[in-house]
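# Curious how this folds, go ahead:
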Amino acid sequence: MPVKLAWLVFLLLLAAAARAQIPHDTVVMAMDIDDFVSLDPAEAYEFSDIEAIANCYDHLLDYDPAHPETIAGALATRWSVDPDGRTYRFVLRDDARFASGRKVTAEDAAFSLQRLVQLDLTPAFVLTQFGFTKDNVGELIRAEGQTLVVETPIKVAPSLVYYILTTSIASVVDRAESLAHQQDGDLGHHWLRFHSAGSGSYRLREWRPGERYVLDAVPDAWSGAAKNRQVIVLDVPEPATQTLLLERGDADYMRNLDKDQLAALARNPDFVFDRALRSRQTYLALNQKNQYLRRPEVILALKYLVDYQGIADGLLGGTRIVHQSFVPDGILGVDDALPFTFDPARARALLAKAGLAQGFDVTLDVTTASPWLDIAEALQASFAQANVRVTVVPGDEMATLTKYRARRHEMYLFDWGSDYPDPHSNAQAFVTDDDMSDHAALRTLAWRNSWADPALGARVEAAERETEVAKRAELYHALERDDEKVAPFILMFQEVSFAVHRKSVHGFIMGSGADHTLYRAIEKD
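Presented below is the predicted three-dimensional model:
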């Protein structure tokens, strides 16, 4: 029996044998955390581990999850950019302390950003895209007293820099604690994968891959004590099992709902729904290595073979809204237009123009978790109306994601979440591909699908550097309108995230992304 299945069986049997109520000061969440990789902010790059990090660490800057357009202070109380447009200064607060009791200093902040570049793991590109390297980062990112100085090698929009510093990559790590556990010059990386060294509301007690992670509240946290003592997050991939745990009182929250669970729980007056529009978007990727998928008429035809509203209403039941631009709703520069509708006749005409009137065969990789397989099967049926014969290839999440990252797919269905609440995050991911080789340093979604459009890429760079906010927004509007006609990505939906809980539990903060999903205010009546 697989480890995860054995764990779930054990959990349910234990609950049936002893109906002990969850302690009043403990919060139990049931959710799918299959993507959890690491607790090190220099490595974490998936939704689940970033959420855990958000509760153990503080960022330099912050924003109100309900109003992401306004930057606020966190560990930094004041921030500015010099007239050169490249030198940023952040004055850190004097009263912040790590869970270890040590004072948070500008030296800790500089060390945290430096180690991101020096370790050069997945999220490092967020800084290296600006020209930071292992050789120059020690000089360009430094502490001057209690002021952190960041000199960007290239000049970009200040708002872009500020938003990056509201994310998990800007989590400030306890330098002394990290170096105390250093192995072979790894800056504490191997230790930090399974431990925390932050100044947030919680410290990590344990992470058992495939089972759970447990956070203990830090009673003397500088920002104020959490309203609970402990949060236990159980790895429960299936919404039906999450529902069972919630209904039996063995979980306070469930986080992954499909249409059926949403409808069933909505009829129960004992449960309350928290709702938030997230920056996560559902898309279908078309690998340009495929001889058929790289034809412009085929790319456009497939965009007319998706029954967007039918899937949203019939399969997703309120958990996603139709959204077809790469900038999510709620972020600067979003284009809310819906240029594509389900039109098989138009799709067939485009395929005929491409010399494929008889259609073609293609595979679609998808995870077996809900609702992905249902969406894949709906696409299989609608594509068949233009003789595009789709073979659905299901697999577990890590296997399909690994195949996708290696560019061995033909079509791939999944979600993508912004790295930070600025339009450059997704513009870079979906458009930029400066090096299509297998050894590329920047492996964007465009790279994963072997697609490059130098003209559009140059416009991404121009929008990145535009300092006037209104003009910058219009640059992204225009870029989205032109990109959607040629890009091998079918943007379909934006996620509406739900957390279901009993009326006696409240206070969960659901932000627009994992970086701002917080547990500290959860309490029970």
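# In stretch 369-385, which residues are buried?
Neighbour counts using 16 or more other C-beta atoms under 10 Å place 369-372, 374-379, 382-383 of stretch 369-385 among the buried residues. Every C-beta, even on glycine, is put in place using the N, C-alpha and C of the backbone.
# Among those, which lie within strands?
Using DSSP state E, no member of the buried residues of stretch 369-385 falls in strands.
# Need the worst-confidence member of these.
Lowest pLDDT within the buried residues of stretch 369-385 is found at Ser370 (78).
# show me the contacts for that one.
Residues in contact with Ser370 (C-beta atoms under 8 Å, 6 or more residues apart in numbering) are 238-239, 256, 258.
# excluding its backbone neighbours, what's nearest the one residue sitting closest to the centre of the chain?
By C-alpha atoms, centre = their mean, the mean C-alpha position of the chain lies nearest to Gly417, the distance being 3.8 Å. Spatial nearest neighbour of Gly417, chain neighbours left out: Arg280 (4.2 Å); criterion: C-beta to C-beta, 6 or more residues apart in numbering.
# Listing partners with orientation, what would you give for whichever strand or helix holds the one you found?
Element membership for Arg280 (DSSP states H and E) is strand 271-286. Strand 271-286 has the following strand partners under DSSP bridges: strand 411-416 (antiparallel), strand 489-502 (antiparallel).
# Which stretches in the stretch 101-250 of the chain count as helices?
With DSSP state H, counting those that start in this stretch as the criterion, the stretch 101-250 of the chain has helices at 106-119, 125-128, 137-140, 158-164, 175-180, 189-192, 239-247.
# Mean neighbour count, those: which tops it?
Neighbour counts (mean count of other C-beta atoms under 10 Å) averaged over each of those peak at helix 106-119, with a mean of 23.
# what residues are up against Thr341?
Contacts of Thr341 by C-beta under 8 Å, 6+ apart are 304, 308.
# Which pLDDT value goes with it?
98.
# What of Met1?
At Met1, pLDDT is 45.
# quick one on the thing from earlier: so which of the helices of the stretch 101-250 of the chain gets nearest Thr319?
helix 239-247 (10.0 Å; C-beta to C-beta).
# Please name every helix or strand in contact with that closest one.
Other helices and strands packing on helix 239-247, by 3 or more C-beta pairs under 8 Å, 6 or more residues apart in numbering; DSSP states H and E, are helix 3-17, strand 26-31, strand 253-254, helix 259-266, strand 489-502.
# that older thread, can you add mean neighbour count and give the strands paired with strand 271-286 back as JSON lines?
JSON lines is the format used below for these (neighbours: other C-beta atoms under 10 Å):
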{"stretch": "strand 411-416", "mean neighbour count": "22"}
{"stretch": "strand 489-502", "mean neighbour count": "22"}
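# mind giving me CSV with those strands and columns for mean pLDDT?
Below are those laid out as CSV (pLDDT from 0 to 100):
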stretch, mean pLDDT
strand 411-416, 95
strand 489-502, 95
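# could you dump those to JSON lines with distance to Gly188?
Converted to JSON lines, the strands paired with strand 271-286 look like this (distance: least, C-beta to C-beta, whole Å):
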{"stretch": "strand 411-416", "distance to Gly188": "30"}
{"stretch": "strand 489-502", "distance to Gly188": "32"}
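# Which of those sits closest to Gln182?
Using C-beta to C-beta, the nearest of the strands paired with strand 271-286 to Gln182 is strand 411-416, at 33.9 Å.
# Tell me what angle the helix or strand just after that closest one forms with strand 489-502.
Of the helices and strands lying after strand 411-416 in sequence (DSSP H and E), the nearest is helix 423-431. Counting by axes from the mean of the first three to the mean of the last three C-alpha atoms, to 10 degrees, helix 423-431 points 130 degrees away from the direction of strand 489-502.
# Quick one: find the helix or strand in the chain with the lowest mean pLDDT.
Within the chain, no helix or strand scores below helix 3-17, which has a mean of 49 by mean pLDDT, DSSP states H and E.
# Excluding sequence neighbours, find me the nearest residue to Gly198.
Tyr57 (3.4 Å).
# Can you give me the distance of the one you found to Asp108?
Here Tyr57 is placed at a distance of 11 Å from Asp108 (C-beta to C-beta, to the nearest Å).
# Overlap of the contact sets of these two?
172-173.
# quick check: domain ranges of this protein?
38-195, 277-496 (automatic domain parsing).
# how about those, which one is nearest Pro219?
So among the domains of the chain, domain 38-195 is nearest, using C-beta to C-beta, at 10.1 Å.
# distance between the ends of that closest one?
Using C-alpha to C-alpha, to the nearest Å, the end-to-end distance of domain 38-195 comes to 9 Å.
# and if you look at stretch 131-138?
End-to-end span of stretch 131-138 (C-alpha to C-alpha): 13 Å.
# Now it: buried residues?
Residues 132, 137 are the ones in stretch 131-138 that count as buried (16+ other C-beta under 10 Å).
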